[in-house]
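Engineer: kindly return the folded structure for what I paste below:
(one chain, ligands or ions: 1)
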Amino acid sequence: MSPNKEKQDTFEGLALLAEVSQLLTDVELDKVLNKVIRLIAGAVGASKSSLFLSQDGSIDWEHLFTMRNLTSDESVKVVTRVLDEGFAGWVTRHKRGDIIEDVTKDERWIIFPDDPPSNRSALCVPFLDGDEVLAVVTLVHEEVGYFTTYHLRLLTIIANQVVIALRNAQLFKRLTVQRKHLETVLTSISDALIVLNPHGVITLANPSALRILNATSEQDVIGKPLELFSERDRMFEPIVEIVRAELHQNERWTFETRTENLQKDYQVTMGKWREHERENGFVVVLHDITTLRDLSRFKDEMLRVATHDLRSPLALISGYADMVTMDLPDPHSPIHDYISVIKRSVERMQTLVEDLLRVERVRSTPLELHERTDLEALVKTVIVNMRLQTDAKKQKLETVLELKGVPRVVADTVLLRQSMENLVNNAVKYTPSGGIITIRASYDDERFYFSVRDTGIGIAPEHQKYVFESFYRVPDVPVSEKGNGLGLSLVRNVVTRHNGDVWLVSEVGKGSEFGFWLPLKPPNAS
Ligand code: ADP
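Structural biologist: Have a look, this model is predicted:
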């Protein structure tokens, strides 16, 4: 090469590198690829070029530049073959560029039937990111031996630069796709999602959240403190309180809140949001539970009506029924039988009403926590009280008590006794004569345990999770054992309000064991 030609080449090479470095600022993959192809082919004077981009180890078929005019089906076949057996495949495997002086004499060059005879020499370089081949570029020329080692060196240097631009563009594309996914999820979920920074400033709100915040666009809320909205709607107050109080020992909060503006109830789940161990703020999810709450309010109202408004008429019916029998001159009149049917039915209804009232009273009145309850004495009272019932049904009552030295706890003694008696009552009720009822009570460092085991009818697995619900009764229980389905719900209500929990193990035909535990430290008054 003459010194002048060499100078000229160096100058063009530098100009090309300057242009390539411009590429680094571009993040749109299509634009970057188009420019790369144009620059490289122009720089070395190639007549045709191709570029195969790889993504996560396989060909990115969406961004394919071939030197032939092919349909997408044909291009898949051609590219696969070129990469398996052809020059681009050789370069990919060897991870280095090379030149083919004469394509007709090099077996790495595949000549396809429609290829014009003008393709004579070729040059191919890989774009390497470390050990990974990110792309391969092939250039062809009509002259045999056109490409020089200078071209190869220049393209290898350019390829190194382009790799950065390609990586950036690929990353940008991936981020854009991920952002789109996230946006789709956020817009399609019905729950409202609000992300707050550690100071309670809104950094993200999905469309459902915008509706609750009474905003039309993200701009109305992003960057504003949630506190601003809690002045308009008190439903956000508990959230603002948590952020303000910096309750660092907690990670997660679940509570209910209600907006009077929209007349809606929400279950709020709030969690801390962390990035690399640094606290970044809070994620708040609001789930609409208005229907559930409406039903619950409806149920409460029905219960109130049923209990209060039925009590007096039932007492009246009962009283008048007594008067009718008193005024009947004939002691053998069949009317006496009719009246006693009426009386029995009224009594059943009165029992139900009384039970409902009792449950509602238990639920709505705060626990009486002023006593330091002696759990050992309490369990013994329950055993004495219940022995009458087990004796009457000819059942064996066994007790296993390990309560010596149990610390006294702050608890509602009356309600605890009722809960224990409910469990024993059920055991007696659902166990045939001759069965065995075992009451166990014990404690450890943290908890007090109470359980009642029976050898009765048992409960099938599919019913077990519902028996603690109000009014739930296992279907097909023998008629003589009818109850109203409120006993266990009362037990659970009392136990959970003491910060304890209930449990059940049961097998049909073998028997059941119902139990609960209570913490040995005082519960919150609720
Ligand atoms: P009920 O007044 O119907 O007894 P509970 O709430 O006490 O109401 O119990 C709910 C249902 O759970 C009962 O109807 C019964 O089907 C089932 N159950 C409760 N305790 C037992 C038990 N010890 N053995 C078998 N079934 C039981």
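Engineer: most proximal residue of the stretch 351-500 of the chain with respect to the ligand?
Structural biologist: Gly483 (2.1 Å; CB to the nearest ligand atom). C-beta: built from backbone N, CA, C; applies to glycine.
Engineer: next, the nearest residue to Asp129 once chain neighbours are set aside: secondary structure please.
Structural biologist: Nearest residue to Asp129 in three dimensions, chain neighbours excluded: Val163, at 5.0 Å (CB to CB, 6 or more residues apart in numbering). State at Val163, reduced to three classes by DSSP: H, G, I helix; E, B strand; the rest coil: helix.
Engineer: isn't Val163 right next to Phe127, touching?
Structural biologist: Yes: judged on CB atoms under 8 Å, Val163 makes contact with Phe127 at a distance of 4.9 Å.
Engineer: joint contacts of the two?
Structural biologist: By CB atoms under 8 Å, 6 or more residues apart in numbering, Val163 and Phe127 have these common neighbours: Leu134.
Engineer: so for these two, which sits in the more crowded spot?
Structural biologist: When Val163 is set against Phe127 and neighbours are counted by other CB atoms under 10 Å, the residue ahead is Phe127, at 27 against 19.
Engineer: please report the distance of the residue of the stretch 351-500 of the chain closest to the ligand from Leu352.
Structural biologist: In this view, Gly483 and Leu352 are 10 Å apart by CB to CB, to the nearest Å.
Engineer: then Asp294?
Structural biologist: Counting by CB to CB, the gap from Asp294 to Leu352 is 25 Å.
Engineer: pLDDT below threshold where in this structure?
Structural biologist: Applying pLDDT under 70 to the chain picks out residues 1-13, 23-24, 57, 70, 246-250, 275-277, 279, 370-371, 479-482, 522-526.
Engineer: how does it divide into domains?
Structural biologist: 3-180, 190-288, 292-364, 371-519 (automatic domain parsing).
Engineer: regarding the second one, how distant is the last residue from the first?
Structural biologist: The one in question is domain 190-288. 8 Å (CA to CA, to the nearest Å).
Engineer: start the count at 14, not 1, going forward
Structural biologist: All set: I'll call the first residue 14, so the last point we hit is now domain 203-301.
Engineer: part of a strand, is Arg216?
Structural biologist: In this structure residue 216 is Thr, not Arg. Yes: the assignment for Thr216 by three-state DSSP puts it in a strand.
Engineer: OK, contacts around it?
Structural biologist: Thr216 is in contact with 208-210, 235-236, 294, counting by CB under 8 Å, 6+ apart.
Engineer: for those residues, which one is nearest Ile252?
Structural biologist: The shortest approach to Ile252 among these belongs to Leu209, at 7.9 Å (CB to CB).
Engineer: what separation is there between the closest one and Val297?
Structural biologist: For Leu209, the distance to Val297 equals 7 Å [CB to CB].
Engineer: also Pro474?
Structural biologist: Pro474 is 37 Å from Val297, where distance means CB to CB.
Engineer: who has more neighbours, these two?
Structural biologist: Val297 (24 against 9).
Engineer: what packs against whichever strand or helix holds that one?
Structural biologist: If you go by DSSP states H and E, Val297 is part of strand 291-301. Helices and strands touching strand 291-301, as assessed by 3 or more CB pairs under 8 Å, 6 or more residues apart in numbering; DSSP states H and E, comprise strand 205-209, helix 220-225, helix 250-258, strand 277-288.
Engineer: turn these into a markdown table, including mean neighbour count.
Structural biologist: Shown next, in a markdown table, are the helices and strands packed on strand 291-301 (neighbours: other CB atoms under 10 Å):
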| stretch | mean neighbour count |
| --- | --- |
| strand 205-209 | 21 |
| helix 220-225 | 18 |
| helix 250-258 | 16 |
| strand 277-288 | 17 |
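Engineer: with distance to the ligand added, can I get these in CSV?
Structural biologist: Shown next, in CSV, are the helices and strands packed on strand 291-301 (distance: least, CB to the nearest ligand atom, whole Å):
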stretch, distance to the ligand
strand 205-209, 36
helix 220-225, 38
helix 250-258, 33
strand 277-288, 26
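Engineer: need the overlap of contacts for Leu209 and Val297.
Structural biologist: Ile252.
Engineer: contact residues of this protein facing the ligand?
Structural biologist: 439-440, 443, 467, 469-470, 472, 480, 485-487, 490, 496-502, 525 (CB under 6 Å from any ligand atom).
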